[in-house]
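# show me the folded form of this:
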Amino acid sequence: MKKVVVTGATGMIGISLINLLISKGIHVLAIVRPNSPRRNILPVSDLINVLEWDLHKLPEMLLEDKDQKYDCFFHLGWSGTFGDGRNNMYLQNANIKMTIDAVYLAEKLGCSVFVGAGSQAEYGVKNEEKLNANLSVDPENGYGIAKYCAGKMSRVLCNQLDIRHVWVRILSIYGPCDGVNTMIMSSISKMLQGNKMQYTKAEQMWDYLYVDDAALGLYLSAQKGKNNSVYVLGSGVAKPLSEYINAIRNNINPNIEINFGDIPYSVNQVMYLCGDISDLTKDTEFLPRISFEEGIRKTIDWYKGGELH
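Below is the predicted model of the structure:
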């Protein structure tokens, strides 16, 4: 693998993936939204070519060198990942079309493998079992439905076009360059600002994976993932949410008071989320390398640097 394409390049996972790729001497075509405020956090390297383009207009994409060929297409780009956007059905339907367009672009660019970013949302609420490729899916919002459809439809199309297809259902990822709305980042922000810390009882058993490990999982999926495979990407270990929150507190100020139980659980609260990564490990030799303690220290240090928040 010498040259790759990455959509969603300015997202948390995209940035980490690009850093990993260029560390291995791989050339990257990073497709970013026009006037993206996050473009300046992309790494600076001669191995990166940044192209500003609307992902919903991929069929019209213009390349400086039409003869350039690439080996792999990482499709991480998606719209409406938070809040009301998750149930904006027109937007989520457009994401499915965007994924199909990405496959056709991958063919046009000569890619032999297409790696798509799926989601835990494809499963819906599963409160007892580890998530794996064989577990039934029952997505409960437009985002999860669209991710599932995009994965299935892109696989069929890749088979028609003789492109190896790997779909990676990504669980809860944290780390530098994450958005402010996640539990991890909002907790870091509020603790550093001295806000009152209020949570549910935080008894949920949860699987968190550091972003650099997520990038490694995607890279290995491209390198060694089997055609038509669905992999779950997480740490493979679930711990009480309160344990993660306490670890954040202990790395910022052990004297911060945590008020567990001040907030009631939401209706249909997911109480267990953990990935079964055995297939991913077996096929690609992926194993998480960074503990939550180490990862949260890196994340807090990044946040204190004041970038993008």
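# and the closest residue to residue 205 other than its chain neighbours, how far from residue 228?
Leaving out its chain neighbours, the residue that sits closest to residue 205 by Cβ to Cβ, 6 or more residues apart in numbering is residue 238, at 4.1 Å. C-beta here means a position set from N, CA and C on the backbone, and glycine is covered the same way. Distance, residue 238 to residue 228, by Cβ to Cβ, to the nearest Å: 28 Å.
# who's more crowded, those two?
residue 238 (17 against 13; other Cβ atoms under 10 Å).
# backbone phi and psi for the more buried one, please?
Main-chain dihedrals, residue 238, degrees, to the nearest 10: phi -110, psi 140.
# thought it was touching residue 203?
No. Contact criterion Cβ atoms under 8 Å: residue 238 and residue 203 do not qualify, at 11.6 Å.
# what bits of the chain have low per-residue confidence?
For the chain, applying pLDDT under 70 flags the ranges 64-65, 307-309.
# the helices in the stretch 1-150 of the chain, which residues?
Using DSSP state H, counting those that start in this stretch, the helices of the stretch 1-150 of the chain run over 12-23, 89-108, 142-161.
# those helices: which one's closest to residue 219?
Comparing the helices of the stretch 1-150 of the chain by their distance to residue 219 (Cβ to Cβ), the top pick is helix 12-23, with 5.7 Å.
# just checking, what packs against the closest one?
strand 3-7, strand 27-32, helix 211-224 (3 or more Cβ pairs under 8 Å, 6 or more residues apart in numbering; DSSP states H and E).
# show me how far the last one is from its chain's centre.
If you compare the mean C-alpha spot of helix 211-224 with that of the full chain, they lie 11 Å apart, counting by Cα atoms, centre = their mean, to the nearest Å.
# what sits closest to residue 89 if chain neighbours are left out?
residue 142 is the one closest to residue 89 (Cβ to Cβ, 6+ apart), at 5.0 Å.
# about what we covered before: okay, the helices and strands packed on helix 12-23, which one's buried deepest?
strand 3-7 (a mean of 24; mean count of other Cβ atoms under 10 Å).
# what's that strand in contact with?
14, 17-18, 21, 26-31, 55, 68-77, 102, 105-106, 109, 111, 222 (Cβ atoms under 8 Å, 6 or more residues apart in numbering).
# mind giving me the PyMOL select for those, buried ones only?
Filtering these down to the buried ones (16 or more other Cβ atoms under 10 Å) takes a single PyMOL command:
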select buried, resi 14+17+18+21+26+27+28+29+30+31+55+70+71+72+73+74+75+76+77+102+105+106+109+111+222
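# so which bits of the helix or strand encompassing residue 279 are buried?
Element membership of residue 279, judged by DSSP states H and E, is helix 278-284. By neighbour count on 16+ other Cβ under 10 Å, the buried set for helix 278-284 is 279-281, 283-284.
# adding distance to residue 161, write these out as TSV.
Formatted as TSV, the buried residues of helix 278-284 follow (distance: Cβ to Cβ, whole Å):
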residue	distance to residue 161
279	24
280	24
281	29
283	22
284	23
